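Novice: I'll drop the sequence and a predicted model, then ask my questions.
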Amino acid sequence: MAEAGVPELVTKAVAAAIVGLSRPTFRKRFLPLLRTCRRGRRDLIETASLEKAIGRRITASDYLLAQASREPARAYQRQYRATQGTGNAAA
């Protein structure tokens with residue numbers, strides 16, 4: 001059972017940020033060990049399997065720091081999509 005404030009499923013990018021590895025390194029070292037769930041076009045990682053793989057609980061602060069570290073990439077994508085006119089830019 002995940003701690004309050006930590007979702008049961010996280011993206012690969014957020015999971016890599018929680019562990020402190022780049023996404024390619026995370027995929028090589030951890031992805032084969034983890035349970036994933038397909039949601040739409042995304043493979044999400046079960047938080048419980050990530051906790052087991054890294055040998056510790058994921059706290060709400062771990063999750064929030066990982067989410068915050070992804071914000072610059074999200075902002076870039078929003079800006080890029082807005083300039084490309086794809087209509088997928090979310091505020």
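Specialist: Great, that's in hand. Numbering: from 1, shown residues only.
Novice: against Ala53, how distant is the most centrally placed residue in the chain?
Specialist: In the chain, the residue lying closest to the centroid (Cα atoms, centre = their mean) is Val14, at 2.3 Å. For Val14, the distance to Ala53 equals 15 Å [Cβ to Cβ, to the nearest Å]. All C-beta atoms are positioned from the backbone trio N, CA, C, and that covers glycine.
Novice: now swap in Gly5 and tell me
Specialist: For Gly5, the distance to Ala53 - Cβ to Cβ - is 20 Å.
Novice: how about Pro72?
Specialist: Taking Cβ to Cβ, one finds Pro72 at 26 Å from Ala53.
Novice: these two: who's more crowded?
Specialist: Ala53 (18 against 9; other Cβ atoms under 10 Å).
Novice: which SS class is the more buried one?
Specialist: helix (DSSP: H, G, I helix; E, B strand; the rest coil).
Novice: then the one 4 residues further on?
Specialist: When states are read from three-state DSSP, the local structure at Arg57 comes out as coil.
Novice: any idea how far it lies from Arg27?
Specialist: Counting by Cβ to Cβ, the gap from Arg57 to Arg27 is 23 Å.
Novice: tell me the mean pLDDT over whichever helix or strand Thr25 is part of?
Specialist: Thr25 is located in helix 23-29, with elements delineated by DSSP states H and E. For helix 23-29, mean pLDDT is 93.
Novice: what do you get for stretch 78-91?
Specialist: What stretch 78-91 shows for mean pLDDT is 74.
Novice: now stretch 67-81: buried residues?
Specialist: Gln67 (16 or more other Cβ atoms under 10 Å).
Novice: next one: it to chain centre, how far?
Specialist: Centroid separation between stretch 67-81 and its chain, computed with Cα atoms, centre = their mean, to the nearest Å, is 13 Å.
Novice: with that, I have no additional questions.
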